[in-house]
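Q: coordinates for the following, if possible.
(chains A and B)
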Amino acid sequence: MGRATARAPMEKPEALNAPLFRSIVEQLEAGGRHVVLELGAASTPMLELLGQFRCRVQIADLADGGIEQLNAAAALEDGAAAALAATTEALLPSREDEPFDLVFCWDLPNYLKPAAVSALMQGIAARTQLRGLAHALIVYSERSMPERPGRWMPGEALRLVDKSGAAPQVPAPRYSPEDLGRIMGGFAIDRGRLLANGMQEMLFRLPA
Amino acid sequence: MFERDKKGDRGFDDATDRAAPPPPRSQPAPASRPAGHSGDVAVIGRSIQINGDVRGDEDLRIEGDITGTVQLKNANLTIGREGHVKADVYAKSITVDGTTEGDLYATERVHVHANANVRGNITAPKVGIEEGCRFKGSIEMDQEEVDKALSKVNMSGKAGGPAKGTEARIGPTNAVKGAAGS
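A: Numbering: from 1, shown residues only, chains lettered A, B, ... in the order given. Next comes the predicted model:
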C-alpha cells in the first residue's frame, strides 16, 4: 500500500486470542456441511482444523498475485469498474459452484484499495449463502503494517498465529468500521473485537 | 450460523516418494524386474510424454509429461519434481512434488509438497499441504461427499473408457493407452 520503512524486530509470532474466530469454530462444531472460502494460502493447521468438520474448502490464495491484480485494476483511470469485475471473476471460483457459508479474509483487506475491496467482496457476496459470514483482521491501532499479508493460521487453543516473520513496514490504511461498512460489498458488520496486537477482529454477515 | 435457507501433514508414509536404493554393483538387479521400475515403484521417466490413459494396480512415480487421465485406484501415485500431469488423477494416495492441472481423487490421502504447483480440485479424506506450495482450487474433506465422489468415479468410470491408440507396458500391471513418445 505504500513505501516500505523500518523492519520490525524479529520475534516469536504472537499467538492471539481471537474470540470471533473461536466462535466460528464453535458454530462449525454444531454440525452440518459448510463451504469455506480461504482467501489466503492453504495451510496444514487450517486444513487439519476444518478437516474435523464436514467442510469443502476453496483456496483462492490472493497473496499469490491476486492483490496486485486487483489494485492495478482499481488504479485504472478508465474502466476500473469493468477491470475490477473481470479480475474478481478470474480470481474467484465459478459462480456455479456450491455457495460459501464462511469466508476467511484474514488481513488481506488491508492490502487492497477500497475499490478493490468493494469489488472483491461484491463478487464473494454473489457466491455466498444469505447470512453467510466473513472473518477479517483489520489493522486499526497501528499506523504501519508488514508490507505483505501475514500467513495466518490457527495454533494452540484456537489462537491465531502469523507465521510470516519479520518484514519491512508500510503505512496501514486503517479502515474504520464506517469504511468497512461501505466497502465490504454487502456484508454488514456483525461484531468486532480489538485484539492484543492492535488489530480489529471483524465478523461480517451477509444480510438475509 | 449459515442457515441454508436458499441455498499432511508430514506424517505421510512417503514410501512412494523414495526410489529404493540401487542394488550394489556386485549384485545384478533381479532378472524379473521390468524396465521402468525403481524398486517396487514403476517410473515414467522425465523424457517420456504420454497423451492418453494411464491405468494400473501398482505404485507409480511420474517424472515425465502426461496429458489425459491417470487411474491407479488401488495404488500410490507420486508426481515427482520433474513431473507434469495435465489430467484427472485417481489413486489410493497421491503425492505431488511437481505440477498438476486437473482434479485429484484419492481414497486415502493427498499430500502436496512445498515445491508443487497444483491447479485443480482435491477430493480425499486426508489432505496435507506443505508451506510454500502453490495451490488454487477446492479441497473436499466432507467424508460423505468424498465417499459420494469416489463411488461415482468407480461406478461411472468418469476417468474415461478405453482410448484409441497403442498400449505400452510400464510395469507388470500398469498400462498406457494413447500416444506415448520420448
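Q: can you give me the helices for chain B?
A: Taking DSSP state H, the helices of chain B run over residues B:143-156.
Q: show the contacting residues for the residue lying closest to B:Ala106 once chain neighbours are set aside.
A: Spatially, and ignoring its direct neighbours in sequence, B:Ala106 is nearest to B:Ala124 (4.1 Å; Cβ to Cβ, 6 or more residues apart in numbering or on different chains). (Each C-beta comes from the backbone N, C-alpha and C, glycine too.) Going by Cβ atoms under 8 Å, 6 or more residues apart in numbering or on different chains, B:Ala124 touches B:94, B:104-110, B:139-141, B:146.
Q: likewise for B:Asn117?
A: With Cβ under 8 Å, 6+ apart, B:Asn117 has these contacts: B:98-100, B:133-135.
Q: apart from its chain neighbours, what residue comes closest to A:Val25?
A: Using Cβ to Cβ, 6+ apart, the closest residue to A:Val25 is A:Leu158 (5.8 Å).
Q: list the contacts of that neighbour.
A: A:18, A:21-22, A:25, A:49.
Q: quick one: which two of those residues are the most distant?
A: A:Ala18 and A:Leu49 (12.8 Å; Cβ to Cβ).
Q: low pLDDT regions in chain B?
A: B:1-39, B:154-182 (pLDDT under 70).
Q: and if you look at chain A?
A: For chain A, the ranges with pLDDT under 70 are A:1-13.
Q: measure the residue positioned nearest the centre of it to B:Val85 for me?
A: The residue lying closest to the centre of chain A (Cα atoms, centre = their mean) is A:Cys105, at 1.4 Å. Taking Cβ to Cβ, to the nearest Å as the measure, A:Cys105 falls 32 Å from B:Val85.
Q: now swap in A:Arg193 and tell me
A: Distance of A:Arg193 to B:Val85, computed by Cβ to Cβ: 45 Å.
Q: same question for B:Val153.
A: 17 Å.
Q: please apply the same query to A:Tyr175.
A: 42 Å.
Q: still on that earlier bit, looking at A:Arg193 and B:Val85, which is more packed in?
A: B:Val85 (29 against 15; other Cβ atoms under 10 Å in any protein chain shown).
Q: list the contacts of that one.
A: Contacts of B:Val85 by Cβ under 8 Å, 6+ apart are B:62, B:65-66, B:70, B:79, B:98-102.
Q: how about 7 Å then?
A: B:62, B:66, B:70, B:79, B:100, B:102 (Cβ atoms under 7 Å, 6 or more residues apart in numbering or on different chains).
Q: make CSV out of these and add neighbour count and distance to chain A.
A: Below are the contacts of B:Val85 laid out as CSV (neighbours: other Cβ atoms under 10 Å in any protein chain shown; distance: Cβ to the nearest Cβ, whole Å):
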residue, neighbour count, distance to chain A
B:Ile62, 30, 22
B:Ile66, 27, 24
B:Val70, 27, 22
B:Ile79, 28, 17
B:Thr100, 28, 14
B:Gly102, 20, 16
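Q: one step back: which among the contacts of B:Ala124 end up buried?
A: Listed as buried from the contacts of B:Ala124 are B:94, B:104-107, B:109-110, B:139-141, B:146; burial here means 16 or more other Cβ atoms under 10 Å in any protein chain shown.
Q: so which of those belong to strands?
A: Of the buried ones among the contacts of B:Ala124, the ones assigned to strands by DSSP state E are B:94, B:104-107, B:109-110, B:139-140.
Q: and the longest strand for the chain?
A: Since you didn't name a chain, this refers to chain A. strand A:128-139.
Q: that's the wrong chain, I wanted chain B
A: Under DSSP E, chain B gives strand B:65-79 as its longest strand.
Q: partners of that strand in the sheet?
A: Partners of strand B:65-79 in the sheet, by DSSP bridges, are strand B:49-56 (parallel), strand B:60-62 (parallel), strand B:84-96 (parallel).
Q: output the ones you listed as JSON lines; include the columns distance to A:Gly66.
A: Below are those laid out as JSON lines (distance: least, Cβ to Cβ, whole Å):
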{"stretch": "strand B:49-56", "distance to A:Gly66": "32"}
{"stretch": "strand B:60-62", "distance to A:Gly66": "29"}
{"stretch": "strand B:84-96", "distance to A:Gly66": "22"}
